[in-house]
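Asker: the following comprises the amino acid sequence and a computationally predicted model.
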Amino acid sequence: MTSTLILCLDAPMQSWGVSSRFDRRDTAREPTKSGIVGLLASALGVARDDDDRVRELATLSMGVRVDREGELERDFHTVSNVPNTEGGAGATVVSERFYLSGALFLVVLEGADEEVRGLYRALRRPRWPLFLGRKAFPPGTPVVHPDESRAVHDGHVDDVLEGHPWLETRPARLRRARERLDVGTPLHLRTVRDTVPMFVGAELRHDHPISFSARRHGTRAVRVGHVPLTAPMLPRQPEATSKSEQVGTA
């Protein structure tokens, strides 16, 4: 029996590196498989050199729904006294660091029911601090819902991506979405799901972790698509307060 685990990744800043090298640290536009496995490993207390456990976690099927696209931002870090090839020092290097500002993601993991529930418990009480791609970027809200029945579901990744309530909380975005749906304008949310390499239109991502200690990654196939954002997926509007309820006592 398989189950799905639902994660909410919401923070002022996130960074999901894919091909970072030397003085340029990039970020993908959505969470990577390597980044999510690292998040789970931190929650479980998996050692960096425990390659077997890392590979086990990487077998989980993963899907991401982008509930709010983040703004791509860049900052700079200056490092002094960088050694050169002759063993000397004194050079100053300016590195570029990219990250996502204001992004919001629904991440769905599918695996054996016992494994999924163990991951839920670990994320509720993590062994080590959790972060969203970089140690400087902690989650802004709990990663999993405090009610296990709302975080662990039967079914498959696709079912959750297509039907889970929208995670958006910003009033202006919610209002605009309701207005557009009311007049029949279709809305969609971008998704990235694990798939098989022979799937038509599959893309390859080099973010499947093999060893964190040796910084080794393999390739996985994903399919990028969209799911419709429908009115039932929007959170309920607060009920209007009657005049009698607004009157306070002196």
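Answerer: The structure has been received and is ready for your questions.

Asker: now the strands for this protein?
Answerer: 2-10, 13-14, 24-25, 61-68, 71-82, 91-101, 104-112, 152-154, 187-195, 203-211, 216-229 (DSSP state E).

Asker: now render these as a markdown table, adding distance to Arg176 and mean pLDDT.
Answerer: For glycine as for every other residue, the C-beta is placed from the backbone atoms N, C-alpha and C. Shown next, in a markdown table, are those (distance: least, C-beta to C-beta, whole Å; pLDDT from 0 to 100):
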| stretch | distance to Arg176 | mean pLDDT |
| --- | --- | --- |
| strand 2-10 | 19 | 97 |
| strand 13-14 | 23 | 96 |
| strand 24-25 | 33 | 78 |
| strand 61-68 | 12 | 98 |
| strand 71-82 | 17 | 83 |
| strand 91-101 | 19 | 86 |
| strand 104-112 | 15 | 98 |
| strand 152-154 | 29 | 94 |
| strand 187-195 | 10 | 98 |
| strand 203-211 | 30 | 95 |
| strand 216-229 | 11 | 96 |
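
Asker: deepest in the core, which of those is it.
Answerer: Mean neighbour count (mean count of other C-beta atoms under 10 Å) peaks for strand 13-14 among the strands of the chain, with a mean of 24.

Asker: other SSEs contacting that strand?
Answerer: strand 91-101 (3 or more C-beta pairs under 8 Å, 6 or more residues apart in numbering; DSSP states H and E).

Asker: report the contact partners of the spatially most central residue of the chain.
Answerer: By C-alpha atoms, centre = their mean, the mean C-alpha position of the chain lies nearest to Pro31, the distance being 4.3 Å. Applying C-beta atoms under 8 Å, 6 or more residues apart in numbering to Pro31 gives the contacts 9, 14, 16, 64, 105, 107, 132-133.

Asker: same question for Arg97.
Answerer: 15, 25, 74-77.

Asker: now tabulate the residues you listed in CSV and tack on distance to Val227.
Answerer: Formatted as CSV, the contacts of Arg97 follow (distance: C-beta to C-beta, whole Å):
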residue, distance to Val227
Ser15, 25
Arg25, 31
Arg74, 30
Asp75, 33
Phe76, 37
His77, 37
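
Asker: pick out the most distant pair among the residues you listed.
Answerer: Ser15 and Phe76 (14.3 Å; C-beta to C-beta).

Asker: against Glu69, how distant is the closest residue to Ile6 other than its chain neighbours?
Answerer: If the residues on either side of it in the chain are set aside, Ile6 comes closest to Ala151, at 5.3 Å by C-beta to C-beta, 6 or more residues apart in numbering. With distances taken as C-beta to C-beta, to the nearest Å, Ala151 is found 24 Å from Glu69.

Asker: which of those two has more neighbours?
Answerer: Ala151 (22 against 15; other C-beta atoms under 10 Å).

Asker: centre of the chain to stretch 218-226, how far?
Answerer: Put simply, stretch 218-226 sits 15 Å off its chain's centre (C-alpha atoms, centre = their mean, to the nearest Å).

Asker: same thing with stretch 123-139?
Answerer: Its chain's C-alpha centre and that of stretch 123-139 lie 12 Å apart, by C-alpha atoms, centre = their mean.

Asker: what about it, how long is it end to end?
Answerer: By C-alpha to C-alpha, to the nearest Å, the extent of stretch 123-139 from end to end equals 12 Å.

Asker: can you start the count at 19 instead of 1 from here on
Answerer: Renumbered: residue one is now 19, and that last one reads stretch 141-157.
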